[in-house]
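**Student:** fold the following and give me the result.
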Amino acid sequence: MLASDASSIIEHTKEVIYLQEDTLVEVTRSSHSIHSIARMVRSLTVPDASPFGQMLDKLHPIVKLQLSLEQIEKGGYTHFMLKEINDQPNSLRQGMIGRMSKADGSQKWQINLGGMAKPLEGDFGGQSALQKLASAKRVIVCACGTSWHSGLIAKYAMESLAHLPVEVEYASEFRYRRPILCSDDIIIVISQSGETADTLEAIKIAKQFKCLTIGIVNVVGSSVARLTDAGMYLRSGPEIGVASTKAFTGQVMALLILSLEVARQRGALSQPEMDSYCDSLQTIPDVIEEWLPSLGKHTKVIAKYFRLASNTLFTGSGIQFPVALEGALKLKEISYIHAEGFPAAEVKNAALTLVQNFLPVVCIALKSDPAYTQMLSTHRELSTKGAAVIVITDEDNQDFEDIASFTIHIPPTKLQFEPLLVALPLQLFSYYIADMRGCSIDLPRNLAKSVTVE
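**Tutor:** Predicted coordinates for the structure are as follows:
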C-alpha cells in the first residue's frame, strides 16, 4: 500500500515506512525492496557496480504510527477546522507533557527536551543542541506561511527572555538570495507537515555551511525530522484542515518552552523567574478549555455582522504583530476576503487610504504592550473615520468602550504567552465568516495542506 500521507492508510495499518529522497520502492505481493536511484543509474553504466537493492532497507525501518482513526474523523463537528480549534487545549497539553515538570518534593520547575539535550554527532564538538543555542550569537528561523508567523513570535520571545538575537526569514527567500552564513549560526526550521519544499531547501543550504539545524515539526518521520540535526515534535496530532490552527499554537508552545530553557541556560532567567513563567504557561490549556465555549458564541455573533466585508485590516504591536498577520492569513485562506496585517503604527502610513464606512479593523491591544497608549490613539482615529473596530484586549479593560464596535476580552497571562490566547478568537472569527459565506473551509480553493513543489 502506497500513500503520500499516513492519515490515508490508518484505517488499514499502523505500520509504515518513510521513504527518503532519491529512492525507489519495488513492491510485490509478498515483499518490498528499496533502491537508490543513483545506484541504479550507476549500475547501468558500470557493469561491476555493487548491488543496490535490499541494502537500503535497513535505512528505512518500519515505524509504528501513534495515530488513531478517531483522530482523523470529524467527531460530530461540521468541519475539521472547527474540531481542530476546539482540540487546542488537549494538543497544547500534549506539547507540554514530559517537557515541563517539578522535581520530587520541589516547587522548582525543570524543562526536559530529550533529544535536544543529547550530544550531537558530527562537527559539533560533542555539544547538545541546547548547549549550542545557549552559546549562540545568532539564530535564523526559516519557515513559510503560518509557520513563519510562529517564527516571528519566537523571535520576540527568545530575544526578550534569552537575550539571543534572532532573524526570521521566509524559506522561499532564504534559499534564493545566497545568505551569508557561518558555522556558528543556528538555523531553526518550522513546518507542520515537515515536507514544505522551500523549508527543506533551507536545511540543505544550512548544511552546506555546516550550521546546526533544528526542526520544529508535527509529523513524525517527516523529511524535516530526518534531515535536521535535532528538534522538537509538536505532538499536536493530525491536522486535516488546510488552514492551520492547532499546529500554529503547537508551534508557538514548543518555541516558548525552548526559549525558556535557552534563557535559563544563558543565565537570563533566575530560577524564581523560571518558576513564575512555567506556572503561568502550564495553566493555559485549562484556561482555553474553560474560555472556548463562551468565546465561540461571542465570536459567531461578531462574524455575522462582517460576513459580507470585502476587505479587513488586522493590527497589532510587538509580539502581537505576528498574530495580526496570522489572523489576516486565516481570513484570506478560508473566506476569500482580502485581509492585511499591519504593525499598529504603520496603519497611518498607507492603510488609512483604505478606511471607509464599515471597514472591519481587528485590533489586538493589550495593556502589557509597550505601545498600548499609541494603539488607543490610532484606533480612536480609525473609528472617527468610519472603521468598524473590533478590539481584542484584557479582561475588564473599558478603554475602548467609546471606540469599538465589538470587544473580545482575553484571560490574563504573561506577555510572551498572550499569542496563544489571542490566536483563538481570530481563528473562530475566520471560521464563522467562512461558514456563513458558504466557503469550502477544510479545502480552500487553490490551496494544499503542504506546499511540496515550487
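**Student:** quick check, residue 338 in contact with residue 313.
**Tutor:** No: when contacts are counted by C-beta atoms under 8 Å, residue 338 is not listed as touching residue 313 (10.0 Å). All C-beta atoms are positioned from the backbone trio N, CA, C, and that covers glycine.
**Student:** the two: which has the busier surroundings?
**Tutor:** The residue with more neighbours, out of residue 338 and residue 313, is residue 313; 23 against 14, by other C-beta atoms under 10 Å.
**Student:** check that one and give its pLDDT.
**Tutor:** Per-residue confidence (pLDDT) for residue 313: 94.
**Student:** what average pLDDT does stretch 251-260 get?
**Tutor:** 98.
**Student:** so which residues of the stretch 301-450 of the chain form strands?
**Tutor:** Secondary structure of the stretch 301-450 of the chain (DSSP state E, counting those that start in this stretch): strands at 311-316, 338-343, 360-364, 388-394, 406-410.
**Student:** quick one: the third one to strand 311-316, angle?
**Tutor:** Regarding strand 360-364 and strand 311-316, their directions subtend 10 degrees when assessed with axes from the mean of the first three to the mean of the last three C-alpha atoms, to 10 degrees.
**Student:** what are the pairing partners of strand 360-364, and which direction each?
**Tutor:** Within its sheet, and counting by DSSP bridges, strand 360-364 is paired with strand 311-316 (parallel), strand 388-394 (parallel).
**Student:** what angle do the last one and strand 406-410 make?
**Tutor:** Direction vectors for strand 388-394 and strand 406-410, defined by the same axes, to 10 degrees, enclose an angle of 20 degrees.
**Student:** thinking again about what came up before, to residue 98, which of the strands of the stretch 301-450 of the chain lies closest?
**Tutor:** Among the strands of the stretch 301-450 of the chain, the nearest to residue 98 by C-beta to C-beta is strand 406-410 (27.9 Å).
**Student:** direction included, what does that closest one pair against?
**Tutor:** Using DSSP bridges, the strands paired with strand 406-410 are strand 388-394 (parallel).
**Student:** who touches the strand it pairs with?
**Tutor:** For strand 388-394, the surrounding residues in contact (C-beta atoms under 8 Å, 6 or more residues apart in numbering) are 302, 305-306, 358-367, 379, 382-383, 399-400, 403-410, 412, 422, 425-426, 429.
**Student:** where exactly do the strands run in the stretch 151-300 of the chain?
**Tutor:** Using DSSP E, counting those that start in this stretch, strands in the stretch 151-300 of the chain cover 166-170, 186-191, 212-217, 230-233.
**Student:** among those strands, which is nearest residue 342?
**Tutor:** Between residue 342 and the strands of the stretch 151-300 of the chain, the shortest gap by C-beta to C-beta is with strand 166-170, which sits at 17.1 Å.
**Student:** which strands and helices lie in contact with the closest one?
**Tutor:** Packing contacts for strand 166-170, counted by 3 or more C-beta pairs under 8 Å, 6 or more residues apart in numbering; DSSP states H and E, involve strand 139-143, helix 145-162.
**Student:** out of these, indicate the one that is most buried.
**Tutor:** Compared across those, strand 139-143 shows the largest average neighbour count, a mean of 26 (mean count of other C-beta atoms under 10 Å).
**Student:** give me the contact list for that one.
**Tutor:** 133, 150-151, 154-155, 158, 164-171, 174, 179, 181, 185-191, 199, 202.
**Student:** got it, and stretch 235-248?
**Tutor:** Contacts of stretch 235-248 (C-beta under 8 Å, 6+ apart): 7, 67, 71-72, 79-81, 84-85, 87-88, 90-91, 94-95, 97, 145-147, 149-150, 192, 218, 234, 250, 326, 330, 333-334, 423, 427, 430, 441-444, 447-449.
**Student:** for that stretch, give the mean pLDDT please.
**Tutor:** On average, stretch 235-248 scores 95.
**Student:** what is the end-to-end distance of it?
**Tutor:** One end of stretch 235-248 to the other measures 12 Å (C-alpha to C-alpha, to the nearest Å).
**Student:** so what does the longest helix along the chain touch, helix or strand wise?
**Tutor:** Secondary structure of the chain per DSSP state H: the longest helix is helix 271-306. Contacts defined by 3+ C-beta pairs under 8 Å, 6+ apart place helix 271-306 against helix 88-96, strand 100-102, strand 109-111, helix 246-265, strand 388-394, strand 406-410, helix 418-436.
**Student:** would a markdown table of these with distance to residue 291 and mean neighbour count be doable?
**Tutor:** Formatted as a markdown table, these follow (distance: least, C-beta to C-beta, whole Å; neighbours: other C-beta atoms under 10 Å):
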| stretch | distance to residue 291 | mean neighbour count |
| --- | --- | --- |
| helix 88-96 | 9 | 21 |
| strand 100-102 | 21 | 15 |
| strand 109-111 | 24 | 18 |
| helix 246-265 | 13 | 26 |
| strand 388-394 | 13 | 23 |
| strand 406-410 | 8 | 20 |
| helix 418-436 | 8 | 24 |
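**Student:** for the spatially closest residue to residue 306 that is not a sequence neighbour, what are its contacts?
**Tutor:** Leaving out its chain neighbours, the residue that sits closest to residue 306 by C-beta to C-beta, 6 or more residues apart in numbering is residue 360, at 4.8 Å. By C-beta under 8 Å, 6+ apart, residue 360 lies in contact with 306, 309, 311-313, 387-388, 390.
**Student:** how is this protein divided into domains?
**Tutor:** Domain assignment for the chain, taken from automatic domain parsing, gives 6-64, 79-277, 291-436.
**Student:** next one: stretch 315-327 to chain centre, how far?
**Tutor:** Computed by C-alpha atoms, centre = their mean, to the nearest Å, the chain-centroid distance of stretch 315-327 equals 14 Å.
**Student:** quick one: contacts of that stretch?
**Tutor:** 146, 149-150, 152-153, 156-157, 248, 314, 339, 341-345, 347, 361-366, 369-372, 374-375, 378-379, 415-416, 418-419, 422-423, 426, 429-430.
**Student:** low-confidence stretches in the chain?
**Tutor:** Applying pLDDT under 70 to the chain flags the ranges 1, 3-12, 14-16, 18-22, 29-32, 35-72, 453-454.
**Student:** hang on, the earlier thing: return the most buried member of the strands of the stretch 151-300 of the chain.
**Tutor:** The highest average neighbour count among the strands of the stretch 151-300 of the chain, using mean count of other C-beta under 10 Å, belongs to strand 186-191 at a mean of 28.
**Student:** who are the packing partners of it?
**Tutor:** Helices and strands touching strand 186-191, as assessed by 3+ C-beta pairs under 8 Å, 6+ apart, comprise strand 139-143, helix 145-162, helix 197-208, strand 212-217.
**Student:** can you add distance to residue 260 and give those back as TSV?
**Tutor:** TSV is the format used below for these (distance: least, C-beta to C-beta, whole Å):
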stretch	distance to residue 260
strand 139-143	15
helix 145-162	6
helix 197-208	24
strand 212-217	15
